[in-house]
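[1] Fold the following, please.
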Amino acid sequence: MVKKDKIDLRGYLEIFYKRRIHFLTVFFIITTVTTIISYFLPKVYVSKSLILIERQNLLRNIVGQQAVGDEMVSKVRTFKERIISTGNLIDIIKKLDLDVNLKGLSSLENLISKMRDNIGVNVKGVNLFEISYEDAKPKICMLVIRTLIDNFVESVLTESRSETHSVFTFINNQLDQYKKNLEKSEATLKGFKEKHLGELPGEINTNLSKLSSYEAALAEARLSLNIAKLKKDKLLEQLKEEKPFINPFGNTEDRLRYLEEQLKSLLINYTDKYPEVVRIKKQIEKIKKQLTSKDKKESNEAMLNPETSLPNPVYQKIKEDLSSIEVEITSYQSRINEFERKFGEYQQKAQGVPQQEEELTRITRDYRVNEEIYQMLLRRLEEARISKELQADEQGEKFRIVDPPRIPINPIKPNRARIILLGLFFGVGVGVGVIVLLEYFDHSIRDLNEAKEFFEIPIIGTIPTILTDTDIKITKKVNLTGGIIGIIYLICIFALIILEFLKYNP
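    Purely as a prediction, here's the structure:
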């Protein structure tokens, strides 16, 4: 075919009209297939919940920045890791019976990994967080979110109550000790004044005032160090009670109880000859034999083999807390060393004070230090008591669910409106591409001018296509029918797009 150097708009329209059947065929096939596929894609639902963390500032003032209140801030920063921890997810799986159809440890690990990927945590404000979960089942979405929130809130509040009680007990014991020290200092000061009446100086040296200040600071630092060591001892006790690895099914006895519960559930709906019932009965008999044999200990050890077990998240968290508390202890020890150094400097400066004045100053300083520490402990004990009562009445640190999880009605995926619309554009693009390819490989002569250019001889004339009235009627009928079908098809497609769009944007 001899191509023209330039084809005007009319020429393009003629080409499109001639190839319209090819274009429409490709367009209808692609659009229809895309639409059908969009309705066979699996649906994905999402359930969300907004949580407001309401923190009270009472505990923050009880034992300083490194005690219970500050511990809560650290928990809030890492609450996402706690939510998606393996232990927490295993607990949710068991509570919701999501492991009923699982076979083996690998299936459980795959389910845990899938749940971890489908859980989303987004910060919506200073103390406002959104937790979401995606799943093919709407009810499961809501149940997982609700269980996640319950487990997280319960674990945080339980730890907070335990730590508050420990601090309250420790401060109360320290208060009794410093009360005795204060009474002893008062008696010593009174006796010294009575013995040296008229011989006491009127003022206390500035350096001795500094001594009193540094000794009070030193006592407070030592108190904080003792609190940190108390927390360390408590964590070490907890660490001894935990194991580095856990098995989702526990030991042999736990496995037996688990299988017996499964058997009871199956016997409600199935007979004794049901394959799954027969299989579980065999497993129960096998485990009972293990329990009565001498290899019971070896069986339990095999069940807790690290190669088939999961890391214990509680054990890992305690190890992290131990590392943190070691840093705190080192920091307090450095502060104590610095205060002792300063105290030694001012003590040397005070050595020139007359003996009686120095003795009075020492006794007075001891009295004031004991009084300051006693008053400080009184304040902190009262604050600890208030915090303890508030937590008992659930008025302390608490979590308020602003927007509770609900069973989703409409799926978030697939977005059929977008898929169908993309299918329309793709159908148009591929249809135009087919026309271009057909024209590129079509070497036929279309009109008189192309014939003259190709043969390079005079052309006497052309024989036009002769259509009868019947042919014209058939052609018009076919074009009209095809046009109506095409319009109806497009109306249906756009109606589907609008309906699906309204589902995602009600």
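[2] Secondary structure class of the residue nearest the centre of the chain, three-state.
    Geometric centre of the chain, nearest residue: residue 80, 3.3 Å, by C-alpha atoms, centre = their mean. Following DSSP: H, G, I helix; E, B strand; the rest coil, we place residue 80 in the helix state.
[3] Identify the residue nearest it in space, chain neighbours excluded?
    The spatial neighbour of residue 80 that comes closest, neighbours along the chain excluded (C-beta to C-beta, 6 or more residues apart in numbering), is residue 121 at 4.4 Å. Any C-beta I mention is one placed from the backbone N, CA and C, and that applies to glycine too.
[4] re earlier: kindly provide the distance from the residue nearest to the centre of the chain to residue 106.
    Residue 80 sits 26 Å away from residue 106, going by C-beta to C-beta, to the nearest Å.
[5] what's the answer for residue 266, then?
    Taking C-beta to C-beta, one finds residue 266 at 23 Å from residue 106.
[6] Could you count how many residues lie near residue 493?
    20 (other C-beta atoms under 10 Å).
[7] what packs against the longest helix seen in the chain?
    In terms of residue count, the longest helix belonging to the chain (DSSP state H) is helix 138-195. With contacts taken as 3 or more C-beta pairs under 8 Å, 6 or more residues apart in numbering; DSSP states H and E, helix 138-195 sits against strand 45-54, helix 68-77, helix 79-83, helix 86-95, strand 128-135, helix 206-241, helix 355-392, strand 398-403.
[8] please redo it, this time with the cut-off set to 7 Å
    strand 45-54, helix 68-77, helix 79-83, helix 86-95, strand 128-135, helix 206-241, helix 355-392 (3 or more C-beta pairs under 7 Å, 6 or more residues apart in numbering; DSSP states H and E).
[9] Of the ones you listed, which is nearest residue 322?
    Closest to residue 322 of the helices and strands packed on helix 138-195, according to C-beta to C-beta: helix 206-241, at 5.2 Å.
[10] any idea of the angle that closest one forms with helix 138-195?
    Orientation check (axes from the mean of the first three to the mean of the last three C-alpha atoms, to 10 degrees): helix 206-241 against helix 138-195 gives 140 degrees.
[11] I'd like to know the average pLDDT value across helix 206-241.
    Per-residue pLDDT values over helix 206-241 give a mean of 80.
[12] In terms of secondary structure, what does it contact?
    Against helix 206-241 (3+ C-beta pairs under 7 Å, 6+ apart) you get helix 138-195, helix 313-349, helix 355-392.
[13] now it against helix 313-349, angle please.
    160 degrees.
[14] Between residue 266 and residue 106, point out the one with more neighbours.
    The neighbour comparison of residue 266 against residue 106 (other C-beta under 10 Å) goes to residue 266, with 18 against 9.
[15] Tell me the helix or strand right after the helix or strand encompassing residue 111.
    Per DSSP states H and E: residue 111 is located in helix 104-118. Heading C-terminal from helix 104-118, the first helix or strand you meet, by DSSP H and E, is strand 119-123.
[16] tell me the angle that following strand makes with helix 138-195.
    50 degrees.
[17] other SSEs contacting strand 119-123?
    helix 79-83, strand 128-135.
[18] pLDDT on the shortest one, on average?
    Read that as helix 79-83. If you average the pLDDT values across helix 79-83, you get 77.
[19] same for it, what does it pack against?
    strand 119-123, helix 138-195.
[20] Reformat those as TSV; add mean neighbour count and distance to residue 22.
    Formatted as TSV, the helices and strands packed on helix 79-83 follow (neighbours: other C-beta atoms under 10 Å; distance: least, C-beta to C-beta, whole Å):
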stretch	mean neighbour count	distance to residue 22
strand 119-123	14	47
helix 138-195	16	44
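[21] Which one, of these, ends up nearest to residue 372?
    Between the helices and strands packed on helix 79-83, helix 138-195 lies closest to residue 372; by C-beta to C-beta that is 9.7 Å.
[22] and the angle for the closest one with helix 86-95?
    Using the same axes, to 10 degrees: helix 138-195 against helix 86-95 is 130 degrees.
[23] surely the residue nearest to residue 80 meets residue 128?
    No: if you go by C-beta atoms under 7 Å, residue 121 and residue 128 don't touch, sitting 11.7 Å apart.
[24] quick one: low-confidence parts of the stretch 201-350 of the chain?
    The stretch 201-350 of the chain contains residues with pLDDT under 70 at 201-208, 242, 245-255, 293-314, 348-350.
[25] next one: stretch 41-51 to chain centre, how far?
    15 Å (C-alpha atoms, centre = their mean, to the nearest Å).
[26] Take it, keep the C-alpha atoms, and write them as PDB.
    What follows is stretch 41-51, C-alpha atoms only, in PDB (Å, rounded to 0.1, in the frame of the first residue of the first chain):
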ATOM      1  CA  LEU A  41     -11.400 -10.900  43.700                       C
ATOM      2  CA  PRO A  42     -11.500 -11.700  47.400                       C
ATOM      3  CA  LYS A  43     -13.100  -9.100  49.700                       C
ATOM      4  CA  VAL A  44     -11.100  -7.500  52.400                       C
ATOM      5  CA  TYR A  45     -12.700  -5.800  55.400                       C
ATOM      6  CA  VAL A  46     -11.200  -3.500  58.000                       C
ATOM      7  CA  SER A  47     -12.200  -2.700  61.500                       C
ATOM      8  CA  LYS A  48     -10.800   0.300  63.400                       C
ATOM      9  CA  SER A  49     -10.800   1.700  66.900                       C
ATOM     10  CA  LEU A  50      -9.600   5.000  68.400                       C
ATOM     11  CA  ILE A  51      -8.000   4.900  71.900                       C
END
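[27] Many thanks, have a good one.
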